[in-house]
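**Student:** what's the 3D shape of this:
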Amino acid sequence: MSEQHQKLIELIADMNEEGAIKLANDMLDNGYDPMKLLEHCRAGMDVVGKRFESGEYFLPELMLAGEMLSEISKKAKPLIVESQSGGEAANKGVVLIGTVHGDLHDIGKNIVTFMLDINGYKVIDLGIDVPIDTFIDSIKEHQPSVVGLSGFLTLAFDSMKETIDAIQSAGLRDDIKIMIGGGQVDDTIRNYTGADAFGLNAMSAVSLCNGWAQATA
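**Tutor:** Residues are numbered from 1 along each chain as shown. Model (predicted):
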């Protein structure tokens, strides 16, 4: 299987839409873990993002990669729901999530939103390229316990910091936990932005929210 998942990453990175979708479907048909498969897709997107930032790829390639992952997700997501043994009906709390201003990437965010939803959270998805004021107004309206800031490109790190600074200035920071994710996010970036935590993938985002929910229960 290791050769297959490496090939999938390469097909996505090289913009081979037909080949990537066919291989992903074949892997799923043969019982491959759908969550792991989506993580391989995210790894392929990481390569696309680096090529975009280096000038090798442009916006059309970014959009095509997003379309590839959306198509693969259509088959993977129902399989994930089945594997969750019925899912969890309980409402664990409200999570507000969005891709920060200046970034149009939504694949990682959509996977996180999906996983939080089937794990019992009410998710308010603000979409992509979300202005700071929209985050502020939505926090006031929905009163989430957790806010998730997503960003795929390195330019998003400044947007994350600006958004968190604005949440602080609005007097809303003490009431919420903030997690960031996407692209090359690590603890250095978490510290720079002022977030409480970062997630490397959708399941780590769920684990973070579960930990915070249990701490306040």
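**Student:** All the strands of this structure, residue numbers only.
**Tutor:** Counting by DSSP state E, the chain has strands at residues 94-99, 122-125, 146-150, 177-181, 197-199.
**Student:** Those strands into JSON lines, with extra columns for mean pLDDT, distance to residue 109 and mean neighbour count?
**Tutor:** From N, CA and C alone the C-beta is placed, and that goes for glycine too. Putting the strands of the chain into JSON lines (pLDDT from 0 to 100; distance: least, Cβ to Cβ, whole Å; neighbours: other Cβ atoms under 10 Å) gives the following:
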{"stretch": "strand 94-99", "mean pLDDT": "98", "distance to residue 109": "5", "mean neighbour count": "25"}
{"stretch": "strand 122-125", "mean pLDDT": "96", "distance to residue 109": "7", "mean neighbour count": "18"}
{"stretch": "strand 146-150", "mean pLDDT": "98", "distance to residue 109": "4", "mean neighbour count": "28"}
{"stretch": "strand 177-181", "mean pLDDT": "98", "distance to residue 109": "8", "mean neighbour count": "25"}
{"stretch": "strand 197-199", "mean pLDDT": "96", "distance to residue 109": "11", "mean neighbour count": "21"}
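**Student:** Can you lay out these as a markdown table showing distance to residue 115?
**Tutor:** As requested, those are exported to a markdown table (distance: least, Cβ to Cβ, whole Å):
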| stretch | distance to residue 115 |
| --- | --- |
| strand 94-99 | 11 |
| strand 122-125 | 9 |
| strand 146-150 | 11 |
| strand 177-181 | 12 |
| strand 197-199 | 10 |
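**Student:** Can you pull the domain assignment for the protein?
**Tutor:** 2-83, 94-216 (automatic domain parsing).
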